[in-house]
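A.B. asks: have a look; sequence and predicted model below, questions after that.
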Amino acid sequence: MTTINYINQTVLITGASSGIGRVFAQTLAARGAHLLLLARSGAALDSLAAELSRRHGIRAHALVADLSLPGAARDAHAQACALGMPPDVLVNNAGFATHGRFENIDLARQASEVTVNCTALMELTHCALPHMLAQGRGAIINVASTAALQPDPYMAVYGASKAFVLAFSEALWAENRRRGVRVLALCPGATDTAFFDVVAAPEAAVGRRMAPQAVVDAALRALDQGRSSHVAGRQNRLLAWLPRLLPRETVLGIVENMLRPGQA
Ligand SMILES: NC(=O)c1ccc[n+]([C@@H]2O[C@H](COP(=O)([O-])OP(=O)(O)OC[C@H]3O[C@@H](n4cnc5c(N)ncnc54)[C@H](OP(=O)(O)O)[C@@H]3O)[C@@H](O)[C@H]2O)c1
């Protein structure tokens, strides 16, 4: 596998206003990519776009969109094309989690979680892939989670949404591996971002938090190697073996204990 050259490639990053997505933007701008930065926080995107284009001499545009709304992903892709910037690389990173007993969490919020984490990711991939295939090259990074590796009691919808991202991405890796388009499912463990402020549940933070830069560097290395999925961090990779080695009910019991509300 060859190392990807990002100079003059257009990269669309969702969830670019903070955390892992923001670090993807900074890292890829430094490697010479032009950027389309998508999130709801327009002011944060505008200042990041201005800073990165000034510092690295690249084109950077904000795409302000709420991916929980029907059609938002397709509209954002259409805007990218109208700017003359169909994505050569797509980083589907926007996402959030909820925590608590399933029946106690607002249904509309959990439905939005599925829309942002799964439906919008699937729609953007569907919009962006034909251009990559036509060029015979391209790459898609879909941000899943170590939460995808087993079911997650008290984060049932989040875990299931990330299992969708992992399975979907691995299937597309296999469909496209001989057509020049790389697909990677990235599985970060706990990472030091605003994610845990959004979840608002300390129980959801399992393990030591990695720096987002380390997660992004690991993802770009795994993409260069042509991997289908990658668990970021050695400790997380060791823990990722447990669901494969232990009986399913044992794993469910362990995770139920770790994530039970009031355990932190
Ligand atoms: N941090 C962790 O421990 C961890 C672990 C495993 C996986 N992950 C995954 O990593 C990804 C990035 O999360 P993070 O840790 O960087 O958290 P973060 O700092 O909270 O970033 C989340 C990003 O998603 C965007 N977003 C959320 N809802 C959106 C919506 N409706 N429409 C458009 N954009 C939306 C947010 O932007 P706006 O609020 O401006 O819209 C923000 O840029 C997520 O998919 C998350 O599930 C995180």
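C.D. replies: Okay, I see it. Residues are numbered from 1 along each chain as shown.
A.B. asks: could you pull out the buried residues of stretch 135-149?
C.D. replies: Neighbour-count burial for stretch 135-149, counted by 16 or more other Cβ atoms under 10 Å, picks out 137-149. Just so you know, the C-beta spots here come from the backbone N, C-alpha and C atoms, and that holds for glycine as well.
A.B. asks: please apply the same query to stretch 52-69.
C.D. replies: So, applying 16+ other Cβ under 10 Å, buried residues of stretch 52-69: 52-53, 56, 58-65, 67-68.
A.B. asks: redo the buried residues of stretch 135-149 as JSON lines? Include secondary structure and pLDDT.
C.D. replies: Listed next are the buried residues of stretch 135-149 as JSON lines, based on DSSP: H, G, I helix; E, B strand; the rest coil; pLDDT from 0 to 100:
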{"residue": "R137", "secondary structure": "coil", "pLDDT": "97"}
{"residue": "G138", "secondary structure": "strand", "pLDDT": "98"}
{"residue": "A139", "secondary structure": "strand", "pLDDT": "98"}
{"residue": "I140", "secondary structure": "strand", "pLDDT": "98"}
{"residue": "I141", "secondary structure": "strand", "pLDDT": "99"}
{"residue": "N142", "secondary structure": "strand", "pLDDT": "99"}
{"residue": "V143", "secondary structure": "strand", "pLDDT": "98"}
{"residue": "A144", "secondary structure": "coil", "pLDDT": "98"}
{"residue": "S145", "secondary structure": "coil", "pLDDT": "98"}
{"residue": "T146", "secondary structure": "helix", "pLDDT": "97"}
{"residue": "A147", "secondary structure": "helix", "pLDDT": "97"}
{"residue": "A148", "secondary structure": "helix", "pLDDT": "98"}
{"residue": "L149", "secondary structure": "helix", "pLDDT": "97"}
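A.B. asks: where along the stretch 101-250 of the chain do the helices fall?
C.D. replies: Secondary structure of the stretch 101-250 of the chain (DSSP state H, counting those that start in this stretch): helices at 107-114, 120-135, 156-176, 195-199, 212-224, 234-239, 242-245, 248-259.
A.B. asks: and those helices: which comes nearest the ligand?
C.D. replies: Closest approach to the ligand among the helices of the stretch 101-250 of the chain (Cβ to the nearest ligand atom): helix 195-199, 3.3 Å.
A.B. asks: helices or strands up against the closest one?
C.D. replies: Helices and strands touching helix 195-199, by 3 or more Cβ pairs under 8 Å, 6 or more residues apart in numbering; DSSP states H and E: there are none.
A.B. asks: which of the helices of the stretch 101-250 of the chain has the lowest mean pLDDT?
C.D. replies: Note on the helices of the stretch 101-250 of the chain: helix 195-199 shows the lowest mean pLDDT, a mean of 88.
A.B. asks: near the ligand at all, that one?
C.D. replies: Yes - using Cβ under 6 Å from any ligand atom, helix 195-199 reaches the ligand at 195, 198.
A.B. asks: contacts for that helix?
C.D. replies: With contacts defined as Cβ atoms under 8 Å, 6 or more residues apart in numbering, helix 195-199 is touched by 19, 96-99, 190, 202, 204-205.
A.B. asks: residues from this structure in reach of the ligand?
C.D. replies: Counting by Cβ under 6 Å from any ligand atom, the chain sits next to the ligand at 14-21, 39-41, 65-68, 93-96, 116, 143, 145, 188, 190-191, 193-195, 198.
A.B. asks: in a markdown table, list the buried residues of stretch 135-149 along with distance to T10.
C.D. replies: Output for the buried residues of stretch 135-149, formatted as a markdown table (distance: Cβ to Cβ, whole Å):
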| residue | distance to T10 |
| --- | --- |
| R137 | 12 |
| G138 | 10 |
| A139 | 12 |
| I140 | 13 |
| I141 | 14 |
| N142 | 18 |
| V143 | 19 |
| A144 | 23 |
| S145 | 26 |
| T146 | 30 |
| A147 | 30 |
| A148 | 28 |
| L149 | 32 |
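A.B. asks: if we can go back for a sec, out of the contacts of helix 195-199, which is nearest to P153?
C.D. replies: Taking Cβ to Cβ as the measure, P153 lies nearest H99 of the contacts of helix 195-199, at 10.3 Å.
A.B. asks: cheers, nothing more for now.
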